[in-house]
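**Q** Build me a model:
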Amino acid sequence: MDSIFGLQGSDFVIVACDGSIAHSILKIKETEDKILKLDDHKIFGISGEGADRNSFGELVHKNHCLIRYKTGGYMNLKETAHFVRSMYAQAIRSRDGPHQCNGLLGGVDQDGTPSLYWLDYLGSLQKITRGAQGYANYFLLGLLDNQYKPNLTKEEGIEIIRKCIKELQTRFLIAQNKFIVKIVTKQGIEVFTI
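**A** I've put the predicted structure just below:
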């Protein structure tokens, strides 16, 4: 029942997720953060089954930290996206099978260039300017396409995210009352809830 969506602006990336955890017909929690902080300028929003989302998210985060520790270097967003894609692709070919989760990877590189990437459990990777995963796909792609324009300001981006949240709360059968929003800029990551 996850909704993850985001967009890229002129010098920032915004990714938002619902905070709901559900099991069958029960809502267990409304404050789950489904957006991982990979480092001070990269976030990874994951939608999918709770166990796969948590285990794959932790696997990506720990391996990202390990590579940084071993090499002493910094992976830019494109390198990180291909690294995550390769982890999805390896899982498909493993005996354990694929991780049943999809993601949006976003952030700002050291030179100030924002990027947003769409990934799925089959190892597909696409650089995008706006997108959604989970149930948000069904409701928000048209709204994001209609409202998005190149070189958005941060305030315009936040307003589009607010419209997306209102759309989900109005049209989606399942009540998603709380959303966690993360904005990545060159200065770092801002977090707030709606």
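**Q** tally of neighbours for residue 76?
**A** By other CB atoms under 10 Å, the residues close to residue 76 number 16. C-betas here are computed from N, CA, C, even on glycine.
**Q** Report the contact partners of it.
**A** Contact partners of residue 76, counting by CB atoms under 8 Å, 6 or more residues apart in numbering, are 109, 110.
**Q** Check residue 55 too.
**A** Residue 55 sits in contact with residue 99, where contact means CB under 8 Å, 6+ apart.
**Q** would you say it is within a helix?
**A** Yes. Checked against DSSP: H, G, I helix; E, B strand; the rest coil, residue 55 lies within a helix.
**Q** Could you report the distance from it to residue 166?
**A** According to CB to CB, to the nearest Å, residue 55 and residue 166 sit 33 Å apart.
**Q** again, but for residue 51
**A** Counting by CB to CB, the gap from residue 51 to residue 166 is 31 Å.
**Q** Spell out for me which residue occupies the centre of this protein.
**A** residue 45 (2.5 Å; CA atoms, centre = their mean).
**Q** so where do the strands sit in this structure?
**A** 3-8, 13-18, 21-23, 26-29, 35-39, 42-48, 101-108, 114-119, 125-128, 130-134, 179-185, 188-193 (DSSP state E).
**Q** Strand partners (parallel or antiparallel) of the longest one?
**A** When sheet partners are counted by DSSP bridges, strand 101-108 sits next to strand 42-48 (antiparallel), strand 114-119 (antiparallel).
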